[in-house]
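K.L.:
Compute the structure for the input listed below.
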Amino acid sequence: MLPLLALALGLMTTGCARPGPAGEGQRGSQAPDARLQRTLVTAVRVEPVSLASRPLQDSGQTVRFTTRFFNAELDLVDARDVARPYLAGALPELNSESWRVFPDGRMETTHRLKPNLTWQDGAALSARDFVFASEVYGRADLSPARSRAQALMGDVLAPDDRTIVIRWEGLYPEANMLRDDFQALPRHVLETPFRQDSPDAVAGHPFWTTEYLGLGPYRIERWEPGAQIDAVAFPGHVLGAPRIDRIVIRFVSDENTALTNLLAESVHMVADRAIRDEHAQILNREWSANKKGVVLPLISNVRYVLTQFRPEVVNPSILLDVRVRKALAHSIDKQALSDGLFEGQALVADRFLSPDIPYRGEADRAVTTYPYDPRRSEQLMQEVGYAKDRDGMFVSARGERFNSQVWQLSGAQYEREVAIFVDTWQRAGFDVDAFMLSPAQLRDGRLRASFPGLYIVQGGGSTEARLDFMTAALTPTAANRYNGNNRGGWLSPAYERLWSELNTTLDRTQRNAQAIEMLKLLSDELPAIPTYFNIAPAAHLAMLTGPEMPARVPDPLINWNIHEWDWR
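P.N.:
Numbering: from 1, shown residues only. Below you'll find the model as predicted:
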């Protein structure tokens with residue numbers, strides 16, 4: 001709970017910094033155009049490494065709320081995780097001229113761009129910008145960890161300035177909704193450096209950061225590293241000019257600071273884990289009477305414990321034995337995590353997909369579960385030759401104590417979370433120490449992949465497409481600039497085969513069965529131990545209209561309709 005004194009001090013220091021050109025008492029006398037000029041100030045926890053939808057390196061944590069402001073792709077996913085046409089006039093339809101499947105298993109999809117589209121500098125958007133993007137993302141010395149969609153794309157062609165034809169090397173059931181897997185890149189900005197400069201120079205080009213040029217509803221005006229991004233509305237946005245003229249995205253790593261600024265109304269909205277659940281409870285109490293704000297209790301992805309599998313890195317090496325991973329799983333008190341972090345409101349997890357997947361009943365029956373059972377944990381450790389010493393800690397037959405390190409991002413919620421993990425592991429006999437990553441360290445992909453033992457992260461999602469997080473293609477390596485969520489380097493030929501089949505099967509029933517088999521394999525091999533679905537609330541002042549409470553899908557894109565947001 002936030003101390004009242006700290007809250008009061010925060011309100012005193014920030015309360016005078018009212019956003020926009022007019023205070024609350026003056027709003028009734030504002031002219032309509034002045035109302036539209038008020039700046040929308042948002043706060044997020046993590047500063048992105050790039051504003052691109054598909055950057056050449058990732059931030060180590062979701063930044064989609066931030067990148068959404070600046071980007072537009074062929075399709076747009078709404079708050080219910082449903083794809084809509086965006087730059088394209090329509091989504092390809094299976095077994096039509098826009099989506100053809102050939103007897104040899106290849107496919108071809110056609111996207112027709114809407115007319116008169118431009119980049120934010122006024123240059124015309126051409127289908128050739130998508131062809132160019134396919135070259136950039138397809139180059140091995142530049143590309144980040146490649147998505148399944150990118151891996152299956154063969155030729156990308158531009159028969160004319162508005163037509164994009166993608167020739168697929170195999171079947172891909174989500175070819176009609178590419179989302180942020182495939183964004184255009186401006187040839188007039190990047191083509192010369194791409195052809196002439198080194199890979200490091202291309203990756204370090206200011207286009208990706210301070211000089212980013214996109215197609216989205218807002219255009220970057222200024223990026224102050226470590227502080228904020230200022231942006232202005234893009235009048236040529238494909239869905240219409242945003243109703244709010246200017247935005248500021250502040251990077252606020254301290255949740256208490258984000259809360260006090262929101263209560264003081266110097267920030268209009270907090271998102272992307274800028275606050276945690278206990279702050280949402282404070283806001284609900286504060287706003288229940290005065291109706292000054294709205295809390296969106298968003299469900300996030302699954303929190304899970306990742307294991308290191310690289311032999312040259314893992315310590316202790318006994319973690320490579322699945323029985324040890326199962327012993328660790330049985331010693332995790334998932335309900336204690338929900339109780340300690342969210343007063344019992346978080347949903348515990350035994351699998352990596354949304355609690356509301358259509359085949360959840362079959363999936364729940366198929367997966368192997370590991371209920372909290374320290375006695376079973378001890379039995380499994382005895383099977384691998386470990387017994388408890390006089391201190392109740394596991395030691396090998398050679399007298400070596402089991403000792404490992406668990407990595408976790410810094411922050412109040414995560415520090416409490418890792419403390420619960422360490423406490424239950426220690427009580428079960430596992431000598432585990434915590435190492436907290438700073439936000440700057442989190443941005444270092446090579447460092448993220450070097451954890452020696454255990455790593456608490458989150459992933460999964462609302463559809464089986466999110467099961468790519470443990471595939472070989474998403475293993476961080478020097479070749480992909482250490483991008484990808486399979487940070488421990490787990491490799492399973494059976495999982496790779498299922499993933500390939502899943503992404504080359506168009507029949508929905510078969511895809512469900514393949515996804516269930518993948519979930520079953522993850523639960524048996526335990527490269528990662530799911531624990532609970534995180535709660536990542538967002539909140540905004542009531543004067544802001546447009547944000548909506550999405551369906552129960554993990555990590556929804558709550559600002560998908562940002563161009564429609566307005567002021568009361």
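
K.L.:
For the rest of this, base every contact and every neighbour count on C-alpha atoms.
P.N.:
Will do.

K.L.:
For whichever helix or strand A336 is part of, buried residues please.
P.N.:
Secondary structure assignment for A336, by DSSP states H and E: helix 334-342. Of the residues in helix 334-342, 334-338, 340-342 count as buried by neighbour count, 16 or more other Cα atoms under 10 Å.

K.L.:
Report the next helix or strand after it in sequence order.
P.N.:
Criterion used, DSSP H and E; the element after helix 334-342 is helix 360-366.

K.L.:
Contacts for stretch 437-450 next, please.
P.N.:
Applying Cα atoms under 8 Å, 6 or more residues apart in numbering, the set of residues contacting stretch 437-450 from outside is 46, 49, 57-61, 253, 313, 407-410, 476-478, 481-483, 487-488.

K.L.:
what about that stretch, start to end distance?
P.N.:
12 Å (Cα to Cα, to the nearest Å).

K.L.:
How far does that stretch sit from its chain's centre?
P.N.:
Centroid separation between stretch 437-450 and its chain, computed with Cα atoms, centre = their mean, to the nearest Å, is 16 Å.

K.L.:
what does stretch 185-203 give?
P.N.:
Counting by Cα atoms, centre = their mean, stretch 185-203 comes out at 27 Å from the chain centroid.

K.L.:
now do stretch 536-548
P.N.:
20 Å.

K.L.:
which residues make contact with it from outside it?
P.N.:
Residues contacting stretch 536-548 (Cα under 8 Å, 6+ apart): 79, 262, 265, 268-277, 280, 291-300, 558-559, 561-562, 564-568.

K.L.:
Now with 7 Å, please.
P.N.:
268-271, 273, 275-277, 280, 292-300, 558-559, 564-568 (Cα atoms under 7 Å, 6 or more residues apart in numbering).

K.L.:
ok, now stretch 107-116?
P.N.:
Contacts of stretch 107-116 (Cα under 7 Å, 6+ apart): 87-89, 92, 98-101, 162-171.

K.L.:
Out of these, which end up buried?
P.N.:
87-88, 92, 98-101, 162-171.

K.L.:
quick one on the thing from earlier: from the contacts of stretch 107-116, which land in helices?
P.N.:
Using DSSP state H, no member of the contacts of stretch 107-116 sits in helices.

K.L.:
which residue ranges form the helices in the stretch 1-150 of the chain?
P.N.:
Using DSSP state H, counting those that start in this stretch, the helices of the stretch 1-150 of the chain run over residues 4-14, 32-37, 64-68, 127-138, 148-152.

K.L.:
one step back: pLDDT-wise, what's the bottom of the buried residues of helix 334-342?
P.N.:
Of all the buried residues of helix 334-342, F342 has the smallest pLDDT value, namely 85.

K.L.:
What's the local residue count around R106?
P.N.:
17 (other Cα atoms under 10 Å).

K.L.:
The residue nearest to it when sequence neighbours are not counted and T110, how far apart?
P.N.:
Spatial nearest neighbour of R106, chain neighbours left out: G170 (4.5 Å); criterion: Cα to Cα, 6 or more residues apart in numbering. Going from G170 to T110 by Cα to Cα gives 15 Å.

K.L.:
Also S523?
P.N.:
39 Å.

K.L.:
For those two, indicate the residue with more neighbours.
P.N.:
Neighbours were counted for S523 and for T110 using other Cα under 10 Å; T110 has more, 25 against 22.

K.L.:
and Y482, that's in a helix?
P.N.:
No: with DSSP: H, G, I helix; E, B strand; the rest coil as the criterion, Y482 is located in coil rather than a helix.

K.L.:
That one - how many residues pack around it?
P.N.:
For Y482, using other Cα under 10 Å, the count is 23.
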